[in-house]
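>>> just coords:
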């Protein structure tokens, strides 16, 4: 290259580098916007999960989910999309775990309610059996009194 061509080459190379950098900025901004939407979407689902958790069996899991969503937001703010996506994947799994814990705690509450009803029914059956035995004994004593 001649001396005269060298500055032109540097200008072209610098311009190319600037264009490449500027072209990468919108992609990065789009990625951060996408991550932000995912975080906000998952945050919006937390109150719904809390509402479903009538037995409060998933309180610890819900708290961990909130913490991880905060961590994902911090990583997005620090321009670490890979770390934020990793935490978001963890949040999705945690939300599924919360759903399963809620379902299990509701099933457990149903079992307890049915066992309680069964125990009351058994007590009622025992009470009626006792009343029947007493009625039979009274009947026998009345029959013997009539025979005498």
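Happy to help now that I have it. Being a predicted model, the structure only gives us computed values, none of them experimental. Numbering: from 1, shown residues only.
>>> now the strands: where do they sit in this protein?
With DSSP state E, there are no strands along the chain.
>>> just for it, where's the confidence low?
The model of the chain has pLDDT under 70 over residues 1-29.
>>> Looking at it, which helix is longest?
Scanning the chain for the longest helix, with DSSP state H as the assignment, gives helix 81-147.
>>> elements contacting that helix?
Here helix 81-147 touches helix 5-52, helix 59-77, going by 3 or more CB pairs under 8 Å, 6 or more residues apart in numbering; DSSP states H and E. Where C-beta positions appear, they are placed from N, C-alpha and C, glycine not excepted.
>>> quick one: the last one to helix 81-147, angle?
Same thing as helix 59-77. Put simply, helix 59-77 runs at 170 degrees to helix 81-147, going by axes from the mean of the first three to the mean of the last three CA atoms, to 10 degrees.
>>> Any buried residues in helix 59-77, and which?
For helix 59-77, the neighbour count (16 or more other CB atoms under 10 Å) marks 61, 62, 64, 65, 66, 68, 69, 71, 72, 73, 75, 76 as buried.
>>> do stretch 89-106 as well
For stretch 89-106, by 16+ other CB under 10 Å, it's 90, 91, 94, 95, 98, 101, 102, 105.
>>> ok, the first one - contacts?
In this case it means residue 90. residue 68 (CB atoms under 8 Å, 6 or more residues apart in numbering).
>>> close enough to count as contact, residue 104 and residue 55?
No - using CB atoms under 8 Å, residue 104 makes no contact with residue 55, being 9.7 Å away.
>>> Save the buried residues of stretch 89-106 as TSV, and put in distance to residue 117 too.
Below are those laid out as TSV (distance: CB to CB, whole Å):
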residue	distance to residue 117
90	41
91	39
94	35
95	33
98	29
101	25
102	23
105	19
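>>> For the residues you listed, name the two members farthest from one another.
Farthest pair in the buried residues of stretch 89-106 (CB to CB) is 90 and 105. Separation: 22.0 Å.
>>> give the contact list for the residue nearest to residue 61 when sequence neighbours are not counted.
Leaving aside its sequence neighbours, residue 61 sits nearest to residue 98 (CB to CB, 6 or more residues apart in numbering; 4.8 Å). Residue 98 is in contact with 49, 53, 58, 61, 62, 65, counting by CB under 8 Å, 6+ apart.
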